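Engineer: no letters, just coordinates:
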């Protein structure tokens, strides 16, 4: 479905019940291992679940606009739900998907009935690490070789492999405009007073007025600090915080296994299905 000038790949699981928009983190697609088991568990609980490839993920078109990448995703989700004739609905997501979900609830409060978030990114290390991973390589590649430099990067090679039309979309980018936008997106990850999560002013949390469940980050998780979860809970009035249903060090162990090539043993999102009972209980209350 074409949204804001780009095709968005999506699917809805389940036949009836309230709709949950389920969003993963990073630039991972809706088909990342570990996400579908959670979606299926929520469907078994009587809900429908929308899975979608956000712009720059999976087989959707690459797109570049907005104050931050999450602002772009929120605008895309609004357009997608409008075209589908859906909403308001439950917004749920983890890691970057948590930020996308929260920002959607802030910018388009009419779309949300409830909000469920986990693995919220924050802190100096988590924010800088994301900027270094998602923005710096593209900036440096284009500085060195122009737009063609993007084709040297695995993440854009993957987007072209999943959707060949993305090659032309990338080549159509203006070098200077792309660099200006990526610098803006990079700046969002620079920790600033009054921004608990990257690129979002704390004052904007007052726009979230729906029941909210926060599954806090692990106590030693540098990417999704426990502290950030607790700070977000202070910013969303009436929000409920629960301990993670997975081990406190789940993300660290998954990171180690992924770095060692043991992706068959412990994927980063394999534990997410364990949140299904808590999510369903919250939605039933």
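Structural biologist: Sure, I can see it. Nothing here was measured: the structure is a model prediction, and the numbers come from that model. Residues are numbered from 1 along each chain as shown.

Engineer: so which residues of the stretch 51-200 of the chain form strands?
Structural biologist: 89-94, 112-118 (DSSP state E, counting those that start in this stretch).

Engineer: mind listing what residue 40 touches?
Structural biologist: Residue 40 makes contacts with residue 13, as judged by C-beta atoms under 8 Å, 6 or more residues apart in numbering. From N, CA and C alone the C-beta is placed, and that goes for glycine too.

Engineer: looks to me like it is in a helix.
Structural biologist: Yes. Using DSSP: H, G, I helix; E, B strand; the rest coil, the assignment for residue 40 is a helix.

Engineer: so how far is residue 51 from it?
Structural biologist: 10 Å (C-beta to C-beta, to the nearest Å).

Engineer: which neighbours do those two share?
Structural biologist: residue 13.

Engineer: need the winner for burial among the strands of the stretch 51-200 of the chain.
Structural biologist: strand 89-94 (a mean of 27; mean count of other C-beta atoms under 10 Å).

Engineer: so which elements touch it?
Structural biologist: strand 19-23, helix 96-107, strand 112-118 (3 or more C-beta pairs under 8 Å, 6 or more residues apart in numbering; DSSP states H and E).

Engineer: all the helices of the stretch 51-200 of the chain, residue numbers only.
Structural biologist: 69-84, 96-107, 123-134, 136-145, 154-162, 165-171, 175-188 (DSSP state H, counting those that start in this stretch).

Engineer: and the ones you listed, which is most packed in?
Structural biologist: Taking mean count of other C-beta under 10 Å, helix 96-107 is the most buried of the helices of the stretch 51-200 of the chain, at a mean of 26.

Engineer: quick one: low-confidence parts of the protein?
Structural biologist: Filtered on pLDDT under 70, the chain yields the residue ranges 262-267.

Engineer: just put the strands of the stretch 51-200 of the chain in JSON lines and tack on distance to residue 131.
Structural biologist: As requested, these are exported to JSON lines (distance: least, C-beta to C-beta, whole Å):
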{"stretch": "strand 89-94", "distance to residue 131": "19"}
{"stretch": "strand 112-118", "distance to residue 131": "21"}
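
Engineer: quick check: next helix or strand after the one helix or strand residue 230 maps to?
Structural biologist: Under the criterion of DSSP states H and E, residue 230 resides in helix 226-235. Past helix 226-235, further along toward the C-terminus, the next helix or strand under DSSP H and E is strand 240-242.

Engineer: and that following strand, what does it pack against?
Structural biologist: strand 212-215, helix 226-235.

Engineer: just the buried residues of the last one, please?
Structural biologist: Neighbour-count burial for helix 226-235, counted by 16 or more other C-beta atoms under 10 Å, picks out 226, 228-229, 231-233, 235.

Engineer: what's in contact with it?
Structural biologist: Here helix 226-235 has contacts from 102, 117, 120-123, 126, 196-197, 202, 205, 214-219, 239, 241, using C-beta under 8 Å, 6+ apart.

Engineer: enumerate every residue touching residue 4.
Structural biologist: Residue 4 touches 63, 65, 75-76, 79, counting by C-beta under 8 Å, 6+ apart.

Engineer: ok, now residue 165?
Structural biologist: Per C-beta under 8 Å, 6+ apart, neighbours of residue 165: 7, 61.

Engineer: measure it to residue 55 for me?
Structural biologist: 13 Å.

Engineer: overlap of the contact sets of the two?
Structural biologist: With C-beta under 8 Å, 6+ apart, residue 165 and residue 55 have common neighbours residue 61.

Engineer: hmm, back to that, export the helices and strands packed on strand 240-242 to CSV and tack on distance to residue 151?
Structural biologist: CSV is the format used below for the helices and strands packed on strand 240-242 (distance: least, C-beta to C-beta, whole Å):
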stretch, distance to residue 151
strand 212-215, 38
helix 226-235, 35
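
Engineer: so the closest residue to residue 58 other than its chain neighbours is in which element?
Structural biologist: When the adjacent residues along the chain are set aside, residue 58 lies closest to residue 29, with 2.9 Å between them (C-beta to C-beta, 6 or more residues apart in numbering). Using DSSP H and E, residue 29 maps to neither a helix nor a strand.
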